[in-house]
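A.B. asks: Below: sequence and its predicted model.
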Amino acid sequence: MASTTTCWFVDFDGCTALLEEWGHVLTEAARRGWSAVGLSH
């Protein structure tokens with residue numbers, strides 16, 4: 001049986017947008033002195 005992979009983005013532009021938005025999140029967290037936790041599934 002073939003496995004399927006779920007992805008948050010389907011192309012390069014989607015990947016770029018995801019990384020840019022995550023960068024904004026991390027920048028704001030650092031500005032506030034917060035920590036960020038990455039979770040994987």
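C.D. replies: It's in. Numbering: from 1, shown residues only.
A.B. asks: Low-confidence ranges, this structure, go.
C.D. replies: 1-9, 39-41 (pLDDT under 70).
A.B. asks: any idea where the helices of it begin and end?
C.D. replies: 12-32 (DSSP state H).
A.B. asks: who touches the closest residue to Leu26 other than its chain neighbours in this structure?
C.D. replies: Closest residue to Leu26 apart from its sequence neighbours, by CB to CB, 6 or more residues apart in numbering: Ala36 at 5.6 Å. Where C-beta positions appear, they are placed from N, C-alpha and C, glycine not excepted. Contact analysis of Ala36 by CB atoms under 8 Å, 6 or more residues apart in numbering lists Val25, Leu26, Ala29.
A.B. asks: Just want the phi and psi numbers for Ala36.
C.D. replies: phi -120, psi 140 (degrees, to the nearest 10).
A.B. asks: re the thing from before, want to throw the contacts of Ala36 into a markdown table with distance to Thr16 and neighbour count?
C.D. replies: Formatted as a markdown table, those follow (distance: CB to CB, whole Å; neighbours: other CB atoms under 10 Å):
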| residue | distance to Thr16 | neighbour count |
| --- | --- | --- |
| Val25 | 15 | 11 |
| Leu26 | 16 | 13 |
| Ala29 | 21 | 13 |
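A.B. asks: okay if I get those as TSV plus distance to Phe12?
C.D. replies: Shown next, in TSV, are those (distance: CB to CB, whole Å):
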residue	distance to Phe12
Val25	21
Leu26	21
Ala29	26
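A.B. asks: Please report how far the residue nearest to Leu26 lies from Val10.
C.D. replies: 25 Å (CB to CB, to the nearest Å).
A.B. asks: With Gly23 instead?
C.D. replies: The separation that Gly23 has from Val10, given CB to CB, amounts to 20 Å.
A.B. asks: How about Thr16?
C.D. replies: From Thr16 to Val10 the distance is 12 Å (CB to CB).
A.B. asks: the more surrounded of the two?
C.D. replies: Thr16 (11 against 8; other CB atoms under 10 Å).
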